[in-house]
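A.B. asks: Quick one: sequence and predicted model below, then my questions.
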Amino acid sequence: MKPIPLTPETEVIARRLVWFEPPAIALADPVRFMAYAMARATHTDMRTLRNYVSDDDFVEALENAPPGIIDPRSWAYWNSKMGRWPPPQMPVRFPAATQREFNLCSQSVIQSPCSMTPTMNAKDLR
């Protein structure tokens, strides 16, 4: 995917959509930035971004979207807008983990990496 340039317009959009990092850094990864845009941008924002993002770039952003950014409704909408219906499966954070492994891991909070011998339980954080 070609880069999205840092312009006064894209800077304002990037500052609002990816508020937790500087616009130049947000725009440096166009696939990740477009994932945030698909989830949070207004119609006006998208009209501006579409000046820099072709349909092929948009599909590439969908195919390589990081997990956890695009919500299911936005995923279905943008895939349908790009002619991909039914939409492919959304990106998942833990593709190899079973739900049971994920639940066990998330119960054993404050560990790196997650092991089944907790040093602190979630209830200890209350």
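C.D. replies: Perfect, I can see it now.
A.B. asks: mind checking how far stretch 17-34 is from the chain centre?
C.D. replies: Stretch 17-34 has its C-alpha centroid displaced from the chain centroid by 11 Å (Cα atoms, centre = their mean, to the nearest Å).
A.B. asks: Buried residues in that stretch, which are they?
C.D. replies: Within stretch 17-34, the residues that qualify as buried by neighbour count (16 or more other Cβ atoms under 10 Å) are 17-18, 23, 26-27, 29-30, 32-34. Glycine gets a C-beta too; all of them are placed from N, C-alpha and C.
A.B. asks: Do me a favour and get the end-to-end distance for that stretch?
C.D. replies: As for stretch 17-34, its first-to-last residue distance stands at 10 Å under the measure Cα to Cα, to the nearest Å.
A.B. asks: next one: stretch 37-53
C.D. replies: Stretch 37-53 stretches 12 Å from its first residue to its last (Cα to Cα).
A.B. asks: how is the protein carved up into domains?
C.D. replies: The record's domain split for the chain, according to automatic domain parsing, is 8-81, 94-126.
A.B. asks: Quick check: residue 19 vs residue 51, distance?
C.D. replies: Residue 19 sits 22 Å away from residue 51 when distances are taken as Cβ to Cβ, to the nearest Å.
A.B. asks: Let me see the confidence value for the residue nearest the centre of the chain.
C.D. replies: Against the mean C-alpha coordinate of the chain, by Cα atoms, centre = their mean, the closest residue is residue 69 at 2.6 Å. What the model reports for residue 69 is a pLDDT of 96.
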